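Asks: Sequence plus the predicted model coming up.
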Amino acid sequence: MKLNFVRLRLLLALVGLLTPAVVMALAHPDLFGCDGCHTPHNVEVLPGVPLWNGSETTTRFVMYSSDTFQGTADGQPGGDSMLCLGCHDGSNPNYAWMNPDHSFGTDELASSHPISFVYDSALAARDGALKDPSEASTLGGTILEDLLDPESKVQCGSCHDVHSSSVGDSLLRGYDYGSQHGPGLCRMCHIK
Ligand code: HEC
Ligand code: HEC
Ligand code: HEC
Ligand code: HEC
């Protein structure tokens with residue numbers, strides 16, 4: 001994405017004010033079927049992606065860091081993030097047509113919400129304004145069950161649900177949809 005996270009949110013809030021109805025996003029299976037990500041045979045193993053088809057990004061990314069971020073991000077995106085970026089890294093020739101605002105170039109994860117790091121009770125205690133991952137999300141289970149991958153990591157899939165178009169705009173989990181993006185998603189994990 002070209003803009004940083006905060007400016008993009010401000011921009012989208014403005015667009016939201018001017019747009020009368022929220023346009024529902026297409027779920028990925030409507031775009032690709034299931035085999036963009038899964039395969040029934042000869043599967044490869046990736047934590048967080050059952051029956052993985054093996055597609056992944058080969059881009060080397062600069063990962064997020066800041067003075068206040070207290071997680072330890074993996075050297076490169078892992079889990080479902082590695083799968084997502086296989087198409088969303090701006091260098092997959094099959095998706096050269098993708099809207100550039102939907103792809104992340106080599107330095108664009110550095111200006112996005114951190115991913116590919118463990119979110120556990122110890123991090124919640126250090127941060128002081130994060131829920132414990134054993135607390136409920138608003139999706140029926142706990143944060144750990146509903147939002148984190150099998151290694152207890154925050155990934156692209158923590159915020160986005162690629163399977164369901166019923167989640168709404170930008171395939172976001174747990175959002176309260178009004179004319180603007182609400183804070184419902186963020187408050188599943190943050191106490192702010
Ligand atoms: C864009 C990639 C993508 C596509 C396309 C996709 N999936 Fe998935 N699937 C994932 C990821 C990532 C997970 C693990 C995280 C999760 O459950 O959201 C997953 C998990 C699953 C699971 C196990 C978890 C659960 O919810 O029970 C099933 C079953 C599944 N997918 C079936 C399907 C089927 C059937 C289709 C086609 C209709 C499909 N998927 C299309 C990425 C994808
Ligand atoms: C902490 C939550 C969070 C994480 C993690 C996250 N996103 Fe997002 N993403 C959002 C939100 C919220 C938006 C809506 C735009 C905005 O307000 O910035 C968005 C927007 C997008 C869009 C643009 C959609 C549109 O309709 O304009 C794409 C594509 C996207 N994200 C892909 C990803 C990928 C790929 C990853 C992992 C590398 C990822 N996201 C990780 C929250 C997240
Ligand atoms: C097989 C390729 C592929 C994979 C894998 C993939 N995507 Fe996408 N995704 C696309 C394409 C193509 C679009 C449409 C792009 C456009 O219109 O510019 C898209 C659109 C999106 C959007 C915007 C939806 C909207 O309409 O607002 C989001 C958000 C998104 N993807 C997130 C993810 C996440 C999260 C993952 C991993 C779990 C993922 N994608 C995996 C190809 C993929
Ligand atoms: C799945 C849980 C989860 C969701 C959902 C989530 N976050 Fe986070 N976020 C975290 C964790 C964990 C950290 C790392 C906290 C730390 O370093 O102490 C973090 C860090 C941050 C930071 C601090 C980064 C830094 O450099 O210190 C900000 C700001 C933030 N998130 C904003 C958001 C916003 C805005 C949303 C909604 C669009 C959101 N988060 C959604 C879990 C989440």
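Replies: Looks like it arrived, so ask away. Residues are numbered from 1 along each chain as shown. Ligands and ions are numbered 1, 2, ... in the order given.

Asks: Sketch out the low-pLDDT regions of the protein for me.
Replies: Scanning the chain for pLDDT under 70 picks out the ranges 1-25, 165-169, 175-182.

Asks: ok, now how distant is the spatially most central residue of it from His28?
Replies: What sits nearest the mean C-alpha location of the chain, by Cα atoms, centre = their mean, is Cys156, with 2.2 Å. Distance of Cys156 to His28, given as Cβ to Cβ, to the nearest Å: 12 Å. Backbone N, C-alpha and C define where each C-beta goes, glycine included.

Asks: Also Gly174?
Replies: Relative to His28, Gly174 is positioned 18 Å away (Cβ to Cβ).

Asks: Show me which positions of stretch 47-57 end up buried.
Replies: Within stretch 47-57, the residues scored as buried using 16 or more other Cβ atoms under 10 Å are Gly48, Val49, Leu51, Trp52, Asn53, Ser55, Glu56, Thr57.

Asks: Surely Leu172 and Met188 touch.
Replies: No - between Leu172 and Met188 there is no contact under Cβ atoms under 8 Å: 10.8 Å.

Asks: more neighbours, these two?
Replies: A side-by-side neighbour count of Leu172 and Met188, using other Cβ atoms under 10 Å, places Met188 first with 21 against 16.

Asks: Cool, thanks, talk later.
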